[in-house]
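S.K.: Quick one: sequence and predicted model below, then my questions.
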Amino acid sequence: MYLEHFGLQGPPFALTPHGPLFFAGAERQETLNRVNAAIAAEEGFIEVSGAAGSGKTVLCRILCQQLAPRHRLALLLNPNLPAEELLPALLNEFRLPVPPRHEKLAAHLLLRDHLSQTRLQGQRALLLIEDAHCMPLATLEELRLLGNLETDQSKLLQVVLFAQPALEKKLQNSAATSFQELITTRLTLPPLTVQETGIYLNLRLRAAGYPHDRLFSPLAVRCIHAAARGRVRRIHLLAHQGLQNAHAASVRRVTAGHILRAITRETPAQFLFDGYRPLLASGAVAALVLAGILFQGNGMPAPHTQTTRRLPADPPPVQ
């Protein structure tokens, strides 16, 4: 395990979402603020979209923590449900008894009464849906109908959708036009920039007990960013593998070589022709690193022969 080698108290790049280590940069805090404002304004449907691994789940967890004291929350993690199963799933999330499947009217009345009582008690009911792009069109229509539950003044159920961009394509279907028109706030999580990637890596390392900056060299950070395309989950994976490679080489700094070893072992061609494109502007430095990709991707010894081989340090900056 590399933790002791680097003086870490815990794994800094675990893939499980961890709310206390929320990264407020890359518009994450702004997005969170805008979702809270839309909820406070009692908007019915709110959408937060982003590529796979962009950090939507962490944002959802933070939102749950912030809203729990004054809201009745329902969290739907698997929305890939037939339309007839949505209402029972929602009742279950609100910890309500679920009537037999054929008693849909009774189930609908039970939900409406619960939502009305929640409002009378000074609280709001909120449904958060992860991976909303997986929801079938018929289920989206069922959700739209549930979203119509309201008093004369406000909606009884607010819905926040966390989805990949595929949701927008799905909503272009003529069968989803009515649903699309109900979404009053649309927000997008952008990928991290190179600078934000470096800040994020240091944030995670400090939280794991590493007292210094620059455990990852500048070029290593750029390689991680290019291969991950700024997506947080992929950043975690490459950073974790980079630490393992540096540990195996008995060095205490992660260089570009350690990251390239992780990348080229997985998908050398894809990275070379697609993920690494943002680094091509680096001129001679890019040429040196690309040469390293080709070498490691085609002629690298088997993993068990590499433990005593030291990787070269980053190339010097171009003057």
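M.R.: Sure, I can see it.
S.K.: Show the contacting residues for the residue nearest to Q244 when sequence neighbours are not counted.
M.R.: Leaving aside its sequence neighbours, Q244 sits nearest to Y2 (CB to CB, 6 or more residues apart in numbering; 5.6 Å). C-beta: built from backbone N, CA, C; applies to glycine. Going by CB atoms under 8 Å, 6 or more residues apart in numbering, Y2 touches L8, L243, Q244, A246, H247.
S.K.: Columns neighbour count and secondary structure on top of these, output as JSON lines?
M.R.: Formatted as JSON lines, the contacts of Y2 follow (neighbours: other CB atoms under 10 Å; DSSP: H, G, I helix; E, B strand; the rest coil):
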{"residue": "L8", "neighbour count": "18", "secondary structure": "coil"}
{"residue": "L243", "neighbour count": "24", "secondary structure": "helix"}
{"residue": "Q244", "neighbour count": "17", "secondary structure": "helix"}
{"residue": "A246", "neighbour count": "25", "secondary structure": "helix"}
{"residue": "H247", "neighbour count": "19", "secondary structure": "helix"}
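S.K.: between these, which is nearest E42?
M.R.: Relative to E42, the closest of those is L8; by CB to CB it sits at 44.7 Å.
S.K.: hang on, the earlier thing: single out whichever of the contacts of Y2 has the smallest pLDDT.
M.R.: pLDDT is lowest at L8 among those; the value there is 86.
S.K.: could you pull out the strands for the chain?
M.R.: 45-49, 71-76, 124-129, 157-163, 183-188 (DSSP state E).
S.K.: could you dump these to CSV with mean neighbour count, distance to A138 and mean pLDDT?
M.R.: Converted to CSV, the strands of the chain look like this (neighbours: other CB atoms under 10 Å; distance: least, CB to CB, whole Å; pLDDT from 0 to 100):
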stretch, mean neighbour count, distance to A138, mean pLDDT
strand 45-49, 23, 17, 95
strand 71-76, 18, 16, 93
strand 124-129, 22, 15, 94
strand 157-163, 24, 16, 95
strand 183-188, 15, 18, 94
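S.K.: could these be laid out in TSV, adding distance to A38?
M.R.: Below are the strands of the chain laid out as TSV (distance: least, CB to CB, whole Å):
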stretch	distance to A38
strand 45-49	5
strand 71-76	13
strand 124-129	11
strand 157-163	8
strand 183-188	4
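S.K.: So for V58, which of these sits nearest?
M.R.: Using CB to CB, the nearest of the strands of the chain to V58 is strand 157-163, at 10.3 Å.
S.K.: and the closest one, which strands flank it?
M.R.: With DSSP bridges as the test, strand 157-163 is paired with strand 45-49 (parallel), strand 124-129 (parallel).
S.K.: and for it, what are the contacting residues?
M.R.: Contacts for strand 157-163 (CB under 8 Å, 6+ apart): 35, 39, 42-49, 56-57, 59-60, 63, 115, 124-133, 143, 146-147, 149, 167, 183.
S.K.: just the angle between it and strand 183-188, please?
M.R.: For strand 157-163 against strand 183-188, the angle by axes from the mean of the first three to the mean of the last three CA atoms, to 10 degrees is 30 degrees.
S.K.: what about strand 157-163, distance to the chain center?
M.R.: 16 Å (CA atoms, centre = their mean, to the nearest Å).
S.K.: One more: stretch 167-176?
M.R.: Its chain's C-alpha centre and that of stretch 167-176 lie 22 Å apart, by CA atoms, centre = their mean.
S.K.: which parts of it are buried?
M.R.: Burial within stretch 167-176, assessed by neighbour count using 16 or more other CB atoms under 10 Å, is assigned to L167, E168, K170, L171, A176.
S.K.: State the pLDDT value of the residue nearest to the first one when sequence neighbours are not counted.
M.R.: Leaving aside its sequence neighbours, L167 sits nearest to H133 (CB to CB, 6+ apart; 3.9 Å). In this model, H133 is scored at 95, pLDDT.
S.K.: so what's H133 up against?
M.R.: A163, Q164, P165, A166, L167, K170.
S.K.: try it again with 6 Å
M.R.: For H133, the contact set (CB atoms under 6 Å, 6 or more residues apart in numbering) comprises A163, Q164, A166, L167.
S.K.: do the same with A220
M.R.: By CB under 6 Å, 6+ apart, the contact list for A220 reads V254, T255, A256, I259.
S.K.: which one is the third one nearest to, not counting chain neighbours?
M.R.: The shortest distance from A256 to any residue other than its chain neighbours is 4.1 Å, reached at L219 (CB to CB, 6+ apart).
S.K.: all helices for the stretch 151-300 of the chain, in order.
M.R.: Under the criterion DSSP state H, counting those that start in this stretch, the stretch 151-300 of the chain carries helices at the ranges 166-171, 177-182, 194-207, 218-228, 232-248, 256-266, 268-270, 284-299.
S.K.: Which one of those lies nearest to A83?
M.R.: Proximity to A83 (CB to CB) singles out helix 177-182 among the helices of the stretch 151-300 of the chain, at 12.5 Å.
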